[in-house]
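**Student:** sharing a model prediction with you, sequence too.
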Amino acid sequence: MMRTCQAMALPPYGRIARMDASILVNIILYGVPAVLAVTLHEAAHGYVARKFGDRTAEMLGRITLNPIKHIDPIGTILVPLGLFLMWKFMGGPLFLFGWAKPVPIQPRYFKDPIRNMRWVAAAGPLSNLAMAIGWAIIGRLMLFMPDLLSAGVMSMVIFGVLFNLSLMVLNLIPILPLDGGRVLYSFLPWKWAMSYARTERYGFIIVLVLAMTGILSAIIRPLVAFGSLLIGMAIGL
């Protein structure tokens, strides 16, 4: 059984608008976009897998917008919440990192396992791109509804764009078991692919080292900034 594995990160962009509201309000404002991003990312993997003939995720109830089905207690809740509270009380740049419960995939049910797995892996990051654009459109529409416009709402919109772009870019990094690693694997010659597959056991260690040394942020930050610029220009923000 192969699992699509999602990592979550938000590189430091300075301090995202701090409000005088309670910590609970902040968690809600930033938690809603984050939970949606993770939930739809994972559901997208399962949905595309079902389209190609693998109903494993569907039978396990993973093709759903219910976030509880995709939550990993440590990676989705404790680690991001701990980092958020550290930022809240200690200041400095906000950096969120975590992971969701992997979606089980059975490539043996695919007609073309290698090519089909490529699209299953790509579905998650593509869903985050769609959500980033969706949040930006919401922000654009809010400009025409001043009665509903507030600092809190705009903070949620900005976070939704940045978090989804960060999630997309991070998961497209060609390191197994990230989605980008699955996509790269599908393009490699057989012998190279087998050698590359053996690196999967070290994947998360590599990602953590990159995150702790700041290299991950250096990779993600300019790409997210560029993506935000393109989306903003496209919808007139």
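**Tutor:** It's in. Residues are numbered from 1 along each chain as shown.
**Student:** please, which helix or strand holds Asn171?
**Tutor:** helix 151-172 (DSSP states H and E).
**Student:** same for that helix, what does it pack against?
**Tutor:** Under the contact criterion of 3 or more C-beta pairs under 8 Å, 6 or more residues apart in numbering; DSSP states H and E, helix 151-172 touches strand 7-10, helix 23-51, helix 113-142, helix 179-187, helix 215-235. C-betas here are computed from N, CA, C, even on glycine.
**Student:** which residue of this protein sits farthest from its center?
**Tutor:** Distance from the C-alpha centroid of the chain peaks at Asp147, with 31.4 Å (C-alpha atoms, centre = their mean).
**Student:** confidence score at that residue?
**Tutor:** Listed pLDDT for Asp147 reads 72.
**Student:** let's see the pLDDT reported for Gly98.
**Tutor:** Reading off the confidence values, Gly98 has pLDDT 71.
**Student:** next: the one 5 residues further on.
**Tutor:** Taken from the predicted model, the pLDDT recorded for Val103 is 89.
**Student:** which residue packs closest to it, ignoring adjacent ones?
**Tutor:** His45 (4.4 Å; C-beta to C-beta, 6 or more residues apart in numbering).
**Student:** what sits against that neighbour?
**Tutor:** 4, 57, 103, 105, 120-121, 123-124 (C-beta atoms under 8 Å, 6 or more residues apart in numbering).
**Student:** the same query, at a cut-off of 10 Å, please.
**Tutor:** By C-beta atoms under 10 Å, 6 or more residues apart in numbering, His45 lies in contact with 3-6, 57, 62-63, 70, 102-105, 119-124, 127, 179, 182.
**Student:** now Ile142: how far from Gly236?
**Tutor:** Rather than Ile, residue 142 is Met. 13 Å (C-beta to C-beta, to the nearest Å).
**Student:** Ala100 too?
**Tutor:** Going from Ala100 to Gly236 by C-beta to C-beta gives 33 Å.
**Student:** compare these two (neighbour count), which wins?
**Tutor:** Between Ala100 and Gly236, Ala100 has the larger neighbour count (other C-beta atoms under 10 Å), namely 25 against 8.
**Student:** go ahead and confirm the more buried one touches Ala44.
**Tutor:** No. Counting by C-beta atoms under 10 Å, Ala44 is not a contact partner of Ala100; they are 11.8 Å apart.
**Student:** report the central residue of this protein.
**Tutor:** Note on the chain: the residue nearest the mean C-alpha position is Leu167, at 2.9 Å, using C-alpha atoms, centre = their mean.
**Student:** can you read off the pLDDT for that residue?
**Tutor:** For Leu167, pLDDT reads 91.
**Student:** measure how buried the closest residue to it other than its chain neighbours is and give me the count.
**Tutor:** Using C-beta to C-beta, 6+ apart and skipping the chain neighbours, the partner closest in space to Leu167 is Asn128 (4.7 Å). Under the neighbour criterion other C-beta under 10 Å, Asn128 is assigned a count of 27.
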